[in-house]
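Engineer: Based on what follows, work out the 3D shape:
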Amino acid sequence: MSGPQESTSFAALRGQLQEAAATFAGGPDALEGILLGMVDDVDRAVREPLEIFPVCHHSPASALAMARRLRDKQPKVVYLELCEDMAPLLTELRNCRLPVAVQAFAGEVDGFPADWAPLSVVAPVTEASAEYQAIAYALDTPGVELVLVDRSSDHVFQWDRRGEHAQEGAEPPQEAEAALHGEAVGVEIGDLRPRFAELEEHLLRHGKVRHWSEWWHQYVEVPLGDSDHDTYRQVMFLIGSLFRRLAPGDGSRVRVDEDRERYMWTRMREHLTATGTDPEDCLYVCGAFHAASRVEEFGVHGSADTFTISPRTATSWQYGLIPSSHAAIEAQFGIAAGSVSIAATEWAKGLKRTRVKPFRLEGQAGTKKSGRKKTAATAVTPAPESPVAADKLSGFLRRPPVLDGLDEAELLGWSVDIVRAARRNGYLASTADAIAVFETSILLAGMRDRAKPTPYDFQDAAVTCIEKDSVPGRRDVRRLVEIMMGGDRIGQVGYDSLPPLARDVYDRLAPLELKLEQRGVRRALLDMASRPELQACSDVLWMLRRLMPQGAARPIMGERKLGERSIQESWDLALGTHQRALIELGYEGVSLEQVLEQRLRRDAYGPRATTATVLAAVEDATLYLRSRRLSDELGTQALKLLATERSVDGAPEVLRRVRALLAYYRTSEPVLPSWIESFVKTGYAHYCTLLPTAFRDEDATVGQVAAMLGFLFSMESLALSLGCDRTQLELAVAQSHPDEPSRTALLWAAQVQLGALSRAELRARCEALLDNPLVVPAYPRYLSGFVHALEPVPGLADVVVEAVSNAFGRLPDTVLLPWLPLLITTLRSGAADLAPLLIREAGRIFPGRLAALDAWIPPWRMPEMDPFAAAGSKPAPDVRRGAALLTTHPATCDTVAELLGCDGGWAQPDTPALSGVRLLAEHPATCDAVADLLGCDGGWAVAAAGPSPSGGAMLPARHPATADALESLLASR
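Structural biologist: Got it, this is the predicted structure:
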């Protein structure tokens, strides 16, 4: 590309650089080309009719220079390097407390790889930044237009290097994660840092600094803080050109940078042509790296037809403001910790020193209101501009650095404050430490060739003098210095700038009478018994707990389960701390109910959906939305997934959730939903089919097979009533032939439940295992299977306790001791809910006192005796065993008889006991009432008709009406 004709403004500088190149390189070579090319870049940018204002992100010097230039020039159009689709949000900044970030968010993608979703782009804004000065000037000055000219958020991902990786089939690289920005891609104005690692290392080493932010502060911020406009521009142009020409050959990154420059100049020319604005009345604010551009489209008179802006994809983008912080900005863009806080402090000091009046949005939250009446910016006459800027670089480069004098008062104040903060955080600091910090700061500054200690020198001195072997509290000395210098200032989005969903949440929680928009934890106490209107607040809080990150809404007291509701609840709420998450919820819908329903549907119909996840969605829909329609729809989807699953990985979760849903519907609904009846019927047949394979599948765990059996046995009665055949389960168990000991024990338990194996035979098999020395080492694995068998067959608890007791009594220590950790981990991880059953059964069997343990004999070791063997013969059938107890203790019967009004006395000892038939004959009132209830017309049999039926055996034949009525009554119930 052929550059513009060189001007004579920098002729002297070109000559000096040529002589320097010849001296250091011994003749014309690449060094001369680089040095002269840098001067050409500066000359070209200075002579551009549309004034270019180069900036560095979060730079106090750039912000001061921008404020001065805007008041002097008063441009009518400000072109800003920021995503053009974010323009409508900038007016909402006045409702926020800075720093905040402008965000573009896309939850679903159309035109990008699906694994990229969700897409997020953030542009943080701080008060000590040049872009905020430009925004505040343009929005609050009548007749000034603000135009964003950088690529859109959609183009950020179109041009992202992940696109090339995706085309090559590689995994997209991970983006940097910031505390408040999440995984968003950050865009900033003025990313000015060497891309040549050796250059940065050289600058840091010779500048005697630790990181790039410190070098920039010492050698750029301080010299440019009080410089004039032309000097500032030319120095920034020179730095941008230097970093650009010494950048390594990263083709993709260079291509993106040049495409951005083409994009911005194309947009500016389009706007100038459409509005007819004079370029002299415009100001282009961009990073110094892009200001020294060499693309053909550069300038108002650049090539106009060589670059075509590609259309956006069909992805739908949502826009909003999210809170940011100094720490989030540092983490997002790789800046040293504390740099943004120090920059904010330097910005405040620079305003006092230079008396520059900054621009602030009218009504900006978090700023002090000025008592003086604001003067309109248009009332000041712009200063006349010189046609060609003079060479200010030569003087700046040859001028020795101006050393600031030592400000002892400021340094003493810092030293006292850091000692006070250290003592407050547990350090044993004293006045001597304050003096040591003061002297060490001066010493370090002198070693680094500067007279005035910088905040970085003071930070190093404080760490050296106060930091000991360990940190007594949560914050170390370096963090305390950062807090003292301004702290991690955290922004907040105002109520009026929140999305509708966030405002709706705050409105619905208003009855709690808490300042939920503030950061920190707020304790909310809800007594729904005395204040029923708080029930709606409780519903909102439970949905927030389901949708937002952990800690945003944390219940302290109260729970929400199927069929249960709390009358009192206590919550720890931190919605202000998690404001970003609440705002991003607003991108998905206009109410919590809508967002929750969308997420439940996404979980149920997603490609990774399983039967267990869909049943969880059904439970959540019932708990939080109380929507029978949605529950039935999701339940039908769970039924479809169950029929297609060929593994048993989710069997334990399926069993747990189906049991909970069945218990809920049985107690709260008159009839079961049709989908859950079909689910039980399909699941019964499905698990019967998979059972033989699961017993031999190495990938299936014992807990999963036990859960299958638990489903089959616990749902058996319902499944049989719905038409299933028990023979299918019996065949499935008969066809199962496991090889692994724990699964074999599980199969034995299933056979006991089905009646194919008696409990005596099971005990005999366990005894045979202990008697076989070849099987003894594997006996603990059998016990593990028996423990899992309590899930499908809880009635075997006594057998399991017996087997475990025999194991402790008979297994050698070499086998028993290594197995104990396995038993504990099995009970804790896979059978935590079964441990109480074992403990309760053991408590029933074992003696309750230690003294009785020596004489105690386990029930399974006691010989079985015939209870009538000692008597020699069986008792006579007319022996009244229960009546003897009554006659021995007649007081109880007398009291009951008196209570019921019975006048009869006790029968004589020799009186024979009345049989049931004689009782009916002597007391016919009861029988008559039952006969009337059953509609029987027959009367009592006549005594002459014959002997009374013995034992009631002939009653059904003689009284068929009563028998038929009873049979129909039982059948109906």
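Engineer: Now do the strands in this protein.
Structural biologist: For the chain, strands defined by DSSP state E occupy the ranges 51-55, 77-83, 100-106, 119-125, 145-150, 185-186, 282-287, 318-323, 522-527, 553-557, 568-573.
Engineer: Quickly, which of these bottoms out on average pLDDT?
Structural biologist: Here the lowest mean pLDDT among the strands of the chain goes to strand 185-186, at a mean of 61.
Engineer: hmm, back to that, residue 309 is nearest to which of the strands of the chain?
Structural biologist: Judged by CB to CB, the one of those that comes nearest to residue 309 is strand 145-150, at 11.3 Å. For glycine as for every other residue, the C-beta is placed from the backbone atoms N, C-alpha and C.
Engineer: So which residues make contact with that closest one?
Structural biologist: Defining contact as CB atoms under 8 Å, 6 or more residues apart in numbering, one finds that strand 145-150 is touched by 76-87, 90, 134-135, 138-139, 187, 260, 263-264, 267-268, 271, 284.
Engineer: Can you tell me the centre-most residue of this structure?
Structural biologist: Centroid check for the chain by CA atoms, centre = their mean gives residue 549 as the closest residue, at 4.1 Å.
Engineer: Would you list the buried entries among the contacts of strand 145-150?
Structural biologist: With burial judged by 16 or more other CB atoms under 10 Å, the buried subset of those is 76-86, 90, 134-135, 138-139, 187, 260, 263-264, 267-268, 271, 284.
Engineer: Next one, pLDDT for the residue nearest to the centre of the chain please.
Structural biologist: So residue 549 comes in at 89 (pLDDT).
Engineer: now do residue 871
Structural biologist: Reported pLDDT for residue 871: 48.
Engineer: Ok, residue 626 next?
Structural biologist: If you check residue 626, the pLDDT there is 89.
Engineer: Likewise for the one 10 residues further on?
Structural biologist: According to the per-residue confidence, residue 636 scores 92 in pLDDT.
Engineer: give me the number of residues near it?
Structural biologist: 17 (other CB atoms under 10 Å).
Engineer: surely it meets residue 677?
Structural biologist: No. Residue 636 lies out of contact with residue 677 (CB atoms under 8 Å); the separation is 11.9 Å.
Engineer: ok, the nearest residue to residue 127 once chain neighbours are set aside - contacts?
Structural biologist: In space, and not counting its chain neighbours, residue 127 is closest to residue 98: 5.0 Å by CB to CB, 6 or more residues apart in numbering. Residue 98 makes contacts with 125-127, 132, 364, 366, 489, 491, as judged by CB under 8 Å, 6+ apart.
Engineer: now swap in residue 496 and tell me
Structural biologist: By CB under 8 Å, 6+ apart, residue 496 lies in contact with 92, 95.
Engineer: if we go to 10 Å?
Structural biologist: Applying CB atoms under 10 Å, 6 or more residues apart in numbering, one finds that residue 496 lies in contact with 92, 94-96, 503.
Engineer: before we move on, what about residue 468?
Structural biologist: Residue 468 is in contact with 427-429, 477, counting by CB under 10 Å, 6+ apart.
Engineer: go again using 8 Å as the cut-off
Structural biologist: 427-428.
Engineer: Chain neighbours aside, what residue packs nearest to residue 790?
Structural biologist: Closest residue in space to residue 790, ignoring its immediate chain neighbours: residue 834 at 4.6 Å, by CB to CB, 6+ apart.
Engineer: Same check on residue 746?
Structural biologist: In space, and not counting its chain neighbours, residue 746 is closest to residue 785: 4.6 Å by CB to CB, 6+ apart.
Engineer: What degree of burial does residue 238 show, as a neighbour count?
Structural biologist: 22.
Engineer: Tell me the spacing between the residue nearest to it when sequence neighbours are not counted and residue 66.
Structural biologist: Nearest residue to residue 238, sequence neighbours excluded (CB to CB, 6+ apart): residue 42, at 5.4 Å. Per CB to CB, to the nearest Å, residue 42 is found 19 Å from residue 66.
Engineer: Quick one, grab the pLDDT at the residue nearest to residue 238.
Structural biologist: Confidence score, pLDDT, at residue 42: 84.
Engineer: ditto for residue 250
Structural biologist: Looking at residue 250, its pLDDT is 61.
Engineer: same question, the one 4 residues further on
Structural biologist: Note for residue 254: predicted pLDDT of 78.
Engineer: Repeat that for residue 34.
Structural biologist: So residue 34 comes in at 72 (pLDDT).
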